[in-house]
Structure formats: structure tokens, C-alpha cells
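Colleague: Next come a sequence and a model predicted from it.
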Amino acid sequence: MIYTITFNPSLDYCIVVKDFKTGTINRTVREQIYPGGKGINVSIVLKNLGMPSTTLGFLGGFTGDEIERRLKEQKIRTDFIRVPEGMSRINVKMRSGVETEINGSGPVIGTDEMSRLYEKLALLKEGDTLVLAGSIPAGMPENVYQEILRTLEGKKIRTVVDATGALLRNVLSYHPFLVKPNHHELGALFDVKIDTKKDAAVYGEKLQQAGARNVLVSMGAKGAVLLTEDGQILEKDAPGGTLVNSVGAGDSMVAGFLAGYEKYKDYEKALWYGLCAGSASACGEGLATGAQVEKMLAEKI
């Protein structure tokens with residue numbers, strides 16, 4: 001079973017506004033509401049690709065109720081922990097020529113809620129996969145990713161980390177199966193600018209040297225670079241298409257990679273799955289569907 005953790009889920013209110021102006025009334029021309037958060041996005045795309053998963057994390061208030069309702073409506077298994085105070089956040093994603101995001105803070109997570117999460121993680125079995133993705137809310141220890149991987153050490157659980165900065169750096173010594181920084185995030189780790197696949201491979205290798213088994217560096221329209229634990233450096237261009245919505249594209253790549261790897265046990269094909277899923281989300285209004293990904297894959301695998 002694949003499990004995803006979203007520490008700070010959200011309702012994503014995605015709107016399109018024509019010629020947005022500050023200091024006056026603006027009206028939407030299109031709007032949609034989605035359950036959001038990086039781990040949740042991974043679970044949604046996995047479901048679209050025919051692969052079940054369980055979403056873990058924390059929910060609070062009426063927004064938390066709506067997030068769970070919408071996920072269950074999509075037949076996605078949930079096992080969230082309820083937070084007694086506060087409410088799950090609402091994130092506003094606005095397109096008006098350019099994309100603008102306003103993200104809420106979310107509730108404070110207490111020690112009791114964290115203890116309950118560790119109890120759930122203790123039930124994971126050999127062969128399971130755990131995806132840790134995204135930021136952490138206020139009140140949560142900054143080393144939480146590190147502590148989770150430490151508690152799972154030696155249990156033969158496949159771990160995937162899609163995070164930035166110290167959250168990513170601190171887990172490398174626990175040998176996660178996959179880490180997926182984008183090229184901006186990878187550059188920030190080493191205080192450099194990464195524009196080419198060659199540079200991505202050079203600095204991705206440094207993450208392997210620090211302990212990551214496989215490193216997938218997403219580069220937007222330029223594609224991706226995958227450094228595998230068996231010594232391959234695979235570079236692929238993106239399938240193409242016009243960018244419509246970048247929200248969830250990286251999460252879709254993670255889901256596609258996992259689905260492809262489960263299906264083929266082949267890193268190159270898993271990379272294609274990831275790229276096609278990421279592109280399908282980036283070039284559409286919502287997260288990648290199975291039909292969209294299969295259409296792109298038909299030309300690649």
C-alpha cells in the first residue's frame with residue numbers, strides 16, 4: 001500500500017479573473033474548488049492512474065470536513081487525524097495573465113496529534129511506500145520528516161520525500177527511495193543557479209552522495225533528470241503542451257513515477273510516467289487523469 005502524508009491540507013480555491021486590479025471589485029470568470037496539499041495531490045493522481053493509496057495527515061474545522069468529503073467522493077481512502085482547534089486552510093490560486101497564490105496558515109498541530117500519527121505509521125508493513133510531501137504547519141517540530149524516517153528505519157518501507165531546504169537535507173542520511181526537488185529547490189540547497197540538465201545531474205549526484213537512493217529533478221518545460229541507484233543518469237524532455245496551471249504538476253510527477261515503477265520496475269519507464277503525469281496536470285485545468293497520461297505515454301513507451 002502507498003501512504004501519503006499531508007501535514008497541512010487545504011481547500012484550493014482556483015479562480016480566473018480577467019485584468020485583475022487592486023483596490024476595486026474584481027469578478028471571476030471561472031472558479032473551482034479542490035482538496036489540496038502535496039500528499040493529497042499525489043493520492044488523487046495515483047487514484048486516476050488506477051493505483052490505490054491512503055491519505056494521512058491532520059484536518060480541522062468545517063474546511064477539514066469538506067476536504068475529507070471531497071476525497072471520499074473520489075473514492076480515495078482517508079485516515080486523517082482531527083485537530084480540536086482551528087481549521088484547515090483555504091488557499092487561493094488566481095490566474096489573471098500570471099499566476100498568483102495566497103496560502104492560508106492552517107491549524108496548530110499539538111503533541112497529542114503527533115503521537116497519534118506515529119501510532120498510525122507504526123502499522124506500516126514491509127513493502128509499503130510512504131510519501132512525505134510539502135511544508136509543515138506551525139507548532140510542528142522542524143525535524144519531523146527526519147524523525148519519521150528514523151522511526152521507519154530498518155522496516156524495509158519505501159520512502160519518498162518531496163520537500164525543500166532543511167526538510168529535505170535532513171532526511172538524506174536515512175536513504176529515502178526517492179527525492180524530488182525541482183531545479184530551483186535543488187539550486188537553493190547549494191546556493192547555485194541550475195538551468196541545464198547537466199547542472200541538475202551534477203548537483204543531484206550530491207544528494208545521492210548524501211544518501212538518497214534515487215533523485216528526480218523536475219525542470220518544468222525542460223523535462224527532468226533522474227539519477228538512479230544503479231548508476232544511470234536519465235535525461236528526458238517534457239512531452240510538450242501549453243502551460244495552463246502549474247499547481248500540482250510536481251506532485252503528479254511523483255505519482256506518475258511511482259505508478260510507472262510499480263507497473264514496470266524500470267526506471268526509464270517510470271521517468272516517462274512521471275513526466276507525462278506532470279505535463280498532463282500542467283497543461284490541463286485539474287490534476288492529471290488516467291486517459292490524459294495514457295495518451296501521452298502511447299507516444300513514449
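Modeller: On my side now, so go ahead.

Colleague: which stretches of the stretch 151-300 of the chain form helices?
Modeller: 165-169, 183-190, 197-209, 249-264, 267-282, 290-297 (DSSP state H, counting those that start in this stretch).

Colleague: Ok, the stretch 1-150 of the chain next?
Modeller: 38-48, 61-73, 111-121, 144-152.

Colleague: Please identify which of the helices of the stretch 151-300 of the chain is closest to residue 124.
Modeller: helix 249-264 (15.5 Å; CB to CB). (C-beta placed from N, C-alpha, C; glycine too.)

Colleague: gap between the closest one and the chain center?
Modeller: 10 Å (CA atoms, centre = their mean, to the nearest Å).

Colleague: Out of the helices of the stretch 1-150 of the chain, which one sits most buried?
Modeller: helix 38-48 (a mean of 27; mean count of other CB atoms under 10 Å).

Colleague: what ranges do the strands span in the stretch 1-150 of the chain?
Modeller: Along the stretch 1-150 of the chain, counting by DSSP state E, counting those that start in this stretch, strands occupy 2-6, 10-17, 28-36, 53-59, 77-78, 81-82, 89-96, 98-102, 129-133.

Colleague: For residue 132, find the nearest of the helices of the stretch 1-150 of the chain.
Modeller: Comparing the helices of the stretch 1-150 of the chain by CB to CB, helix 144-152 comes nearest, at 5.4 Å.

Colleague: list the helices and strands that closest one packs on?
Modeller: Here helix 144-152 touches helix 111-121, strand 129-133, strand 158-162, going by 3 or more CB pairs under 8 Å, 6 or more residues apart in numbering; DSSP states H and E.

Colleague: what inclination does the first one have with respect to strand 53-59?
Modeller: What that stands for is helix 111-121. 170 degrees (axes from the mean of the first three to the mean of the last three CA atoms, to 10 degrees).

Colleague: Contacts only, for residue 161.
Modeller: 132, 133, 145, 149, 167, 168, 171, 176, 178, 179, 180 (CB atoms under 8 Å, 6 or more residues apart in numbering).

Colleague: ditto for residue 256
Modeller: Neighbours of residue 256 in contact, by CB under 8 Å, 6+ apart: 45, 49, 273, 274, 275, 276, 277, 278, 288, 293.

Colleague: ok, and the closest non-adjacent residue to the second one?
Modeller: I take that to be residue 49. Distances taken as CB to CB, 6 or more residues apart in numbering place residue 259 nearest to residue 49, at 4.3 Å, with adjacent residues excluded.
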